[in-house]
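Asker: show me the folded form of this:
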Amino acid sequence: MTTTTDTARFVHRFEPGSDPSRPPLLLLHGTGGDEADLLPLGRMVAPGAALLSPRGQVLENGSPRFFRRLAEGVFDEADVIRRAGDLARFVAEARGIYGLPAPVALGFSNGANIAAATLLLHPEALAGAVLIRPMVPLAAPPAADLAGAGVMILSGAFDPIVPAENAASLAAMLERAGARVEHRTLPTGHGLGQADLALARAWLSGQAA
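Answerer: Numbers count the residues shown, from 1 in each chain. So this is what the prediction gives:
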């Protein structure tokens with residue numbers, strides 16, 4: 001059963017899990033998505049996991065996002081910091097409401113960027129993350145302790161939005177914070193593909209208790 005609610009700060013949907021060995025997934029959509037957007041993806045890559053899927057609270061020309069940007073690839077870093085804090089508080093409240101352990105974030109594009117920012121600014125909020133087509137969210141984040149957290153980054157070799165060196169910088173940034181990072185670059189662009197699903201599913205299977 002899927003529950004849609006606007007409690008705990010964000011309009012969101014929640015699906016209880018059937019496999020307690022799997023960590024819950026925090027599903028974070030890309031620009032123009034909503035709280036329903038990544039539910040099918042979550043079911044495919046982590047069958048039996050509880051799914052928590054909020055809607056971004058920022059609108060850009062009517063399209064939901066998780067933080068503001070000044071131009072393509074240029075982020076409003078003050079807003080990134082604020083919104084990452086809001087997301088971390090939402091996760092803490094939702095965990096209390098639904099009785100969840102710390103979730104693993106699964107984010108695409110803008111959702112991957114807010115997940116990366118939350119890892120760096122509020123490392124206690126997440127158990128790890130799958131970041132699909134992410135960019136560096138903050139030029140100079142504070143020191144974070146991500147020891148023990150696993151992170152998978154899935155980049156596109158022909159991504160017109162995310163330069164290869166930017167994704168590599170994010171991987172290095174997370175590794176310096178202590179995360180165990182697996183960074184894969186696929187022969188694709190910015191969109192999701194079957195290879196992303198297969199790699200995410202395999203990686204998440206390894207995170208099950």
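Asker: the closest residue to residue 76 other than its chain neighbours: what's it in contact with?
Answerer: Once flanking residues are discounted, residue 76 sits nearest to residue 68: 4.2 Å by C-beta to C-beta, 6 or more residues apart in numbering. For every residue, glycine as well, the C-beta is placed using N, CA and C. By C-beta atoms under 8 Å, 6 or more residues apart in numbering, the residues touching residue 68 are 58, 60, 75, 76, 79.
Asker: now, of those, which are buried?
Answerer: Among the contacts of residue 68, those buried by neighbour count (16 or more other C-beta atoms under 10 Å) are 58, 75, 79.
Asker: nearest to residue 200 among these?
Answerer: For those, the residue nearest residue 200 by C-beta to C-beta is residue 75; the value is 24.2 Å.
Asker: beta-bridge partners for the closest one, please?
Answerer: Beta bridges link residue 75 to residue 69, judged by DSSP bridges.
Asker: show me what contacts it?
Answerer: 67, 68, 69, 113, 137, 138 are the contacts of residue 75 under C-beta under 8 Å, 6+ apart.
Asker: if we use 7 Å, what do you get?
Answerer: By C-beta atoms under 7 Å, 6 or more residues apart in numbering, residue 75 lies in contact with 67, 69, 137.
Asker: equivalent analysis for residue 179, please.
Answerer: 146, 149, 151.
Asker: from what I can see residue 106 touches residue 131, true?
Answerer: No: taking contacts as C-beta atoms under 7 Å, residue 106 lies outside contact range of residue 131: 8.5 Å.
Asker: does the residue lying closest to residue 186 once chain neighbours are set aside count as helix, strand or coil?
Answerer: Distances taken as C-beta to C-beta, 6+ apart place residue 195 nearest to residue 186, at 5.1 Å, with adjacent residues excluded. Here residue 195 is helix, with the state taken from DSSP: H, G, I helix; E, B strand; the rest coil.
Asker: let me know whether residue 195 touches residue 185 as I believe.
Answerer: No: in this structure, residue 195 is not within contact of residue 185 by C-beta under 7 Å, at 10.7 Å.
Asker: between the two ends of stretch 70-84, what distance do you get?
Answerer: 17 Å (C-alpha to C-alpha, to the nearest Å).
Asker: how distant is it from the center of its chain?
Answerer: Computed by C-alpha atoms, centre = their mean, to the nearest Å, the chain-centroid distance of stretch 70-84 equals 15 Å.
Asker: quick one: contacts for residue 100?
Answerer: Contacts of residue 100 (C-beta under 7 Å, 6+ apart): 24, 50, 94.
Asker: try residue 134
Answerer: Contacts of residue 134 were listed using C-beta under 7 Å, 6+ apart, and they are 112, 113, 116, 153, 167, 170.
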